[in-house]
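Asker: Structure of the sequence below:
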Amino acid sequence: MVERIDSSPAPDRLSLTLRATGDPTRRAILTHLAQEGPSRVTDIAARFDISLNAVSKHIMVLEKAGLVTRRTKWREHLIEVQLDPLHQAFRWFTDLRSIWDLRLDALDAHFTKDKTDD
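Answerer: Now for the predicted structure:
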């Protein structure tokens with residue numbers, strides 16, 4: 001038997017965040033947790049028209065991205081939102097916006113200059 005070795009680099013935290021938040025169900029889970037606080041997996045699942053197993057898989061993706069943490073007390077699993085990865089994504093989007101603002105300002109200045117030259 002031949003084992004495959006994955007030589008691709010591990011995704012960075014921002015990539016994990018963007019992939020995890022690309023799904024509407026996971027975004028809804030994050031929104032619920034941010035608004036309501038830590039919740040049991042079964043309580044989260046009750047809000048969706050999908051199986052408990054499917055919700056658990058979504059939560060595992062969010063855990064891998066560092067967007068939620070799980071506390072286990074006896075048989076109860078409490079899921080809690082972690083906002084730090086979202087702050088990193090927000091900073092990245094803010095940086096992109098500032099670049100586009102500079103480009104749009106330069107374009108505006110170019111067209112304004114052409115009008116005054118006429």
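Asker: Counting neighbours, which bits of the lowest-mean-pLDDT helix or strand in the chain end up buried?
Answerer: Scoring the helices and strands of the chain by mean pLDDT, DSSP states H and E places helix 84-117 at the bottom, with a mean of 75. For helix 84-117, the neighbour count (16 or more other C-beta atoms under 10 Å) marks 85-86 as buried. (Each C-beta comes from the backbone N, C-alpha and C, glycine too.)
Asker: for that helix, packing partners?
Answerer: Packing partners of helix 84-117 (3 or more C-beta pairs under 8 Å, 6 or more residues apart in numbering; DSSP states H and E): helix 13-20.
Asker: what angle separates the helix it packs on from helix 84-117?
Answerer: 90 degrees (axes from the mean of the first three to the mean of the last three C-alpha atoms, to 10 degrees).
Asker: Dump helix 13-20 to PDB, keeping only the CA atoms.
Answerer: Output in PDB follows, covering the C-alpha atoms of helix 13-20 (Å, rounded to 0.1, in the frame of the first residue of the first chain):
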ATOM      1  CA  ARG A  13      -5.700  31.300   9.600                       C
ATOM      2  CA  LEU A  14      -7.300  33.900   7.300                       C
ATOM      3  CA  SER A  15      -7.900  31.300   4.600                       C
ATOM      4  CA  LEU A  16      -9.500  28.900   7.200                       C
ATOM      5  CA  THR A  17     -11.700  31.800   8.400                       C
ATOM      6  CA  LEU A  18     -12.800  32.700   4.900                       C
ATOM      7  CA  ARG A  19     -13.500  29.100   3.900                       C
ATOM      8  CA  ALA A  20     -15.500  28.500   7.100                       C
END
